[in-house]
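A.B. asks: Quick one, what's the 3D model for this:
(2 chains)
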Amino acid sequence: MGHKKALGRRQTRRKIKFKRLTRAAVGNLAYVFLGGAVLLLAAVVVLASRQFPATTAQSSSASATQAAATSAVQDGWIRLNAKTPGAIIAAARKSSLFNVNRSGNGDYLKDISHLETPVFVRATRAAGSAPMPDYYVIPIDDASGKMVGAAELALNPTATAVHVTSIVTFTHPHSHGHLAQMSAATAVTDVASQQHIAMRSGAQPQLVYIPIDASLLETGQITWNGGGMYPADPVWLIPGADGKDHVVGTNGRAYFVAALPIMKQP
Amino acid sequence: MTPRQRIATRLAFILISIAGGFLGIALIHSTSRAVCSGCGANFSGTFYGAQENLVTQAIGGTIWPQVAGNGCAVADAVAMVNYDYLAAGKALRFSNSTGQSTIAQGNQGSGASVWGHATPTNAMGGITNIAPDFGNDPRSVAYDIKQYEWGTIQHHDWIYRWTMAHSTRPSFAQQAKEATTLVARAMENWPAPVVVFINGGLHSVVLTGIWSTNDPRTNFPANIQGLVYRDSEGNSTTSRQEISLSTWIGGKYSNPFGTYSLWSLYYGDRDTIADMKNTADPDPTVGLYKPNSVHPHHWYVGFTWVRWDTTGTDAILTPDWAFDAYNGTIMTTP
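C.D. replies: Numbering: from 1, shown residues only, chains lettered A, B, ... in the order given. The predicted structure follows:
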């Protein structure tokens, strides 16, 4: 009997000890749980901070850009801080056409992020012609590097501001870096062979576009097959040794500038 | 559990809830950025208009360019009909350039308005013109689209003159912005192309979309950012022009097909605003819309376009009727 009682007391002591240990463990588990929660919160805060500061920075950057754009844009004209490729592209990026929503399946170029070096294109002028702006043309490439379109930036008369007038899509992609359909050397050769005029000493070929009144084309009053009618499809102007300017159309034909059907001032 | 342990447990649950909240917001934010990936920049505004793939199909292959110098409107009608067929899941109505000939030839023998037709006629508009136009007048375009359209879809000519919305004349730029807003409203209500008459009425293009930073339905004029149009002088790739609003209402836009005035002039102008010197696109000479001493203009000194009609009484009317674009009502006078 005495042995049984001693055994019972020992078991009771063990149970009490187990309960104490369990209670202590559970009690400490609450603190462990709290510690885990603190660590989790810290980790999430770090994770979120990687999003929010970036976003905030992005938003402030966007706000700053928009604010800068607002101050620099007047009726679509954007102040040009320098004539460097970077400054021209930066100005273009402030324009409305560079900031419209190009997601979705609408009828527009989806990706205008791959930009080539801007190309300066002059308006061809003649006596009595309508005043037309010179342009910077920024070729737009697709992801593979082919030129699929171009942004056209009109330049104000003092060359201090640009206006992104349009974004055009080409009929067929051009090779990277080749906005004009022919080389300057070929144009010089064409003028020499067709008009027997060499390039003026010290002069350089210039890329130009030929503004032609569409109403006259539409009503058949003039015909023109030489291309070069818009800045993104420029042709070469060759200053001739004869003191006259010559233009070589996309059809390979050399013209005197004076003979071009340039739009007249109304 | 001691009171302290209970507090620790509750605190742990609260912290976990807060962490969950942060995590959720972070994930949502990262998803919204992912949607914008590839768009290249922070953008604003909404595009209202047609789907690129359907537009490309509607004018693809040999369907465009226009086959005649004065055939822009017929080519535009082909594009509009084809687009609606494709949008409805049907095959192209016109699969090549002969579609333009079909329409032009059809116009010679049928399609006159209830008031008769203008003379002389031409090889494009035939007897569908109510004005002696050198190509097709806006009524003719509405008729051509309706004639070859599937089902009961209606198209009408819509006109905006400043007198429809104001008692005093706003600036020309304001008028052009308002007219553009009314076109944008149509595209917001139904994302389909619209035929727009440009260059003083000498030419027409298919406007396929407009971007705006605010809702054209509730803003007049809306804050339009730019427009996209397809020009039947070109094909499915070279025809697309994305232009700024300033270009649209400022004109002098040199493009592959010459230098355009776009909407820097009213319909009927030649060189300057309201000069009314465009002799190739006169006002109607027959019917209800023939100008008179009380109402001296129909299309002139305003802007006009042909678009799909939504619902209401206009859907049962013939293409003879033009609509006041501001009030949405049938015009019963010029």
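A.B. asks: Get me the contact residues on the stretch 51-200 of chain A for chain B.
C.D. replies: The stretch 51-200 of chain A has residues A:51-52, A:55, A:58, A:62, A:65, A:75-76, A:93, A:95-113, A:130, A:132, A:163-172 near chain B, with proximity defined as CB under 8 Å from any CB of the partner chain. Quick note: C-beta positions are derived from backbone N, CA and C, even for glycine.
A.B. asks: Can you tell me the closest non-neighbouring residue to the closest residue to chain A within the stretch 151-300 of chain B?
C.D. replies: Closest contact between the stretch 151-300 of chain B and chain A, by CB to the nearest CB, is at residue B:258 (2.9 Å). Spatial nearest neighbour of residue B:258, excluding adjacent residues (CB to CB, 6 or more residues apart in numbering or on different chains): residue A:214 at 2.9 Å.
A.B. asks: and the one you found, what does it touch?
C.D. replies: By CB atoms under 8 Å, 6 or more residues apart in numbering or on different chains, the contact set of residue A:214 is B:199, B:202-203, B:257-260.
A.B. asks: Can you flag which of these belong to strands?
C.D. replies: Under the assignment DSSP state E, those contribute B:203, B:258-260 to strands.
A.B. asks: Show me which of those residues is closest to residue A:149.
C.D. replies: residue B:260 (18.5 Å; CB to CB).
A.B. asks: Could you check the pLDDT of that closest one?
C.D. replies: Here the pLDDT value assigned to residue B:260 is 97.
A.B. asks: now what about stretch B:163-176, what contacts it?
C.D. replies: When contacts are defined by CB under 8 Å, 6+ apart, stretch B:163-176 is touched by residues B:160, B:162, B:178, B:220-221, B:248-249, B:263-264, B:273, B:303, B:324-327.
A.B. asks: any idea how far whichever residue of the stretch 151-266 of chain A sits closest to chain B lies from residue B:174?
C.D. replies: Closest to chain B within the stretch 151-266 of chain A is residue A:214: 2.9 Å, counting by CB to the nearest CB. The gap separating residue A:214 from residue B:174 is 25 Å, by CB to CB, to the nearest Å.
A.B. asks: next one: residue B:151
C.D. replies: Distance of residue B:151 to residue B:174, computed by CB to CB: 38 Å.
A.B. asks: Return the distance of residue B:44 relative to residue A:99.
C.D. replies: Look at residue B:44 and residue A:99: by CB to CB, they are 6 Å apart.
A.B. asks: Could you do residue A:200 as well?
C.D. replies: 43 Å.
A.B. asks: the more surrounded of those two?
C.D. replies: Neighbours were counted for residue A:200 and for residue A:99 using other CB atoms under 10 Å in any protein chain shown; residue A:99 has more, 24 against 15.
A.B. asks: for the closest residue to that one other than its chain neighbours, what are its contacts?
C.D. replies: Of all residues not flanking residue A:99 in the chain, residue B:43 sits nearest, at 5.5 Å (CB to CB, 6+ apart). Shown in contact with residue B:43 (CB under 8 Å, 6+ apart): A:99-103, B:36.
A.B. asks: neighbour count winner among residue B:151 and residue B:174?
C.D. replies: Shown here are residue B:151 and residue B:174; by other CB under 10 Å, residue B:174 has more neighbours (14 against 8).
A.B. asks: Can you pull the phi and psi angles for the more buried one?
C.D. replies: Taking degrees, to the nearest 10, you get phi -60, psi -40 for the backbone angles of residue B:174.
A.B. asks: The chain: strands as residue ranges?
C.D. replies: Picked chain A for this. In chain A, the strands defined using DSSP E lie at A:73-74, A:77-79, A:114-115, A:119-123, A:134-141, A:147-155, A:161-174, A:206-209, A:235-239, A:245-248, A:254-256.
A.B. asks: wait, chain B
C.D. replies: Remark: strands assigned in chain B by DSSP E are B:46-49, B:155-160, B:194-198, B:203-212, B:224-230, B:240-244, B:253-255, B:258-260, B:303-308, B:322-324, B:329-330.
A.B. asks: Looking at those strands, spot the one closest to residue B:104.
C.D. replies: Nearest to residue B:104 among the strands of chain B is strand B:203-212 (14.6 Å), distances taken as CB to CB.
A.B. asks: Any idea what the residue of the stretch 151-300 of chain B closest to chain A is bridged to?
C.D. replies: Using DSSP bridges, the beta-bridge partners of residue B:258 come out as residue B:255.
A.B. asks: Okay, domains of chain A per the record?
C.D. replies: Domains of chain A are assigned by automatic domain parsing as A:1-74, A:85-266.
A.B. asks: Where among those domains is average confidence lowest?
C.D. replies: When the domains of chain A are compared on mean pLDDT, domain A:1-74 scores lowest, with a mean of 56.
A.B. asks: I figured residue B:114 was touching residue B:321, is that so?
C.D. replies: No. Look at residue B:114 against residue B:321 with CB atoms under 8 Å: they stay out of range, at 9.7 Å.
A.B. asks: Those two: which is more packed in?
C.D. replies: Neighbour totals were compared for residue B:114 and residue B:321, and residue B:321 leads with 19 against 9 (other CB under 10 Å).
A.B. asks: Look up how far chain A lies from that one.
C.D. replies: Distance of residue B:321 to chain A, given as CB to the nearest CB, to the nearest Å: 28 Å.
A.B. asks: Burial check on the closest residue to that residue other than its chain neighbours, number of neighbours?
C.D. replies: Closest residue in space to residue B:321, ignoring its immediate chain neighbours: residue B:330 at 5.3 Å, by CB to CB, 6+ apart. Using other CB under 10 Å, residue B:330 has 13 other residues around it.
A.B. asks: Model confidence for residue B:330, exactly?
C.D. replies: Note on residue B:330: pLDDT of 91.
A.B. asks: beta partners for it?
C.D. replies: Beta bridges link residue B:330 to residue B:323 when assigned by DSSP bridges.
A.B. asks: That one contacts residue B:320, correct?
C.D. replies: No. Applying CB under 8 Å as the test, residue B:330 and residue B:320 come out as separate, 10.2 Å apart.
A.B. asks: Hmm, residue B:59 and residue B:95 touching each other?
C.D. replies: No. Counting by CB under 8 Å, no contact exists between residue B:95 and residue B:59, whose distance comes to 11.4 Å.
A.B. asks: Among those two, which residue is more densely surrounded?
C.D. replies: Legend: neighbour count by other CB under 10 Å for residue B:95 and residue B:59, higher for residue B:59 (28 against 14).
A.B. asks: which residues does the more buried one contact?
C.D. replies: Shown in contact with residue B:59 (CB under 8 Å, 6+ apart): B:78-79, B:82, B:206, B:230, B:232, B:235-236, B:239.
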